[in-house]
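Student: Have a look at this prediction, sequence included:
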There are 2 protein chains.
Amino acid sequence: MDEVFKALADASRRSLLDRLHARNGQTLNELCEGLAMTRQAVTKHLVILEDANLITTIRHGREKLHYLNPVPIHQIGERWIRKFERGKLAALSELKRQLEKRDE
Amino acid sequence: MDEVFKALADASRRSLLDRLHARNGQTLNELCEGLAMTRQAVTKHLVILEDANLITTIRHGREKLHYLNPVPIHQIGERWIRKFERGKLAALSELKRQLEKRDE
DNA sequence: TTGACATGCAACCATTTAGTTGCCTATTAT
DNA sequence: ATAATAGGCAACTAAATGGTTGCATGTCAA
């Protein structure tokens, strides 16, 4: 879980996930196109994404295809985000109450 | 948005958010209790969380109370997580198809 | 079979990050 | 008034991070 959060912390990596979301199964070179970064830098990002299980790769001859794995993202939504959303309204009204109390 | 992802990338900071979720409105010293970290380290984490708008603070005499702001977390769920969940089933079946194709 | 293409590996570098220590300031309680 | 308490500021450090360059390897096409 920590690996996933760390992987998502970088804007370049999130953008790579966006690209794969737009078109799944791209090669390394395809993912490099238009980025202000060397191929090796992109490779490193992809390795981090793969270690976090956010993408899966398949060698196809001399090319490597990258596929999005949406499961970890979903899990973050389920196990983390939702927990905070449950208490959302309660937390906000509590905050409001305290803010008003400050001016007494 | 980037600030929020960066803020969430650290396990200590996520744990601080958890603590506030369990009990809102804690002081700095309360948040330090039981942590293997100096008070100053915790302060730094709290500043990062505050800059990312994940918490709000109120000075109350000589103490500083910390309140959770669930809005940015909710936004990540809305603007980011959900986007990937939409294509989830499609992506998985596509992945399955490709994995099977590999063995041809 | 040989050249071009797609990717991998490793060493190196600058910056950011997470943490520390030491000292200072403001508020409260005795 | 003064001691204890709650927190703030700044300088420093070690390790992690994001990037580079140079070279090596494996695969495909002419």
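Tutor: Yep, that arrived.
Student: can you pull out the helices in chain A?
Tutor: A:2-8, A:11-22, A:28-32, A:39-51, A:71-76, A:82-86, A:88-102 (DSSP state H).
Student: Indicate whether the fourth one makes contact with DNA strand C.
Tutor: Yes: Helix A:39-51 lies in contact with DNA strand C when judged by Cβ under 7 Å from any atom of the strand; the contacting residues are A:39-40, A:43. All C-beta spots, glycine's among them, are computed from the backbone N, C-alpha and C.
Student: Next, format the residues you listed as CSV and append distance to chain B.
Tutor: Shown next, in CSV, are the residues of helix A:39-51 next to DNA strand C (distance: Cβ to the nearest Cβ, whole Å):
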residue, distance to chain B
A:R39, 23
A:Q40, 23
A:T43, 21
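Student: Scan these and report the most crowded one.
Tutor: Per-residue neighbour counts (other Cβ atoms under 10 Å in any protein chain shown) across the residues of helix A:39-51 next to DNA strand C peak at A:T43, which has 15 neighbours.
Student: Which residue is the nearest non-sequential neighbour of it?
Tutor: A:L28 (6.5 Å; Cβ to Cβ, 6 or more residues apart in numbering or on different chains).
Student: and that neighbour, what is it in contact with?
Tutor: Shown in contact with A:L28 (Cβ atoms under 8 Å, 6 or more residues apart in numbering or on different chains): A:39, A:42-43, A:46, A:63-64, A:66.
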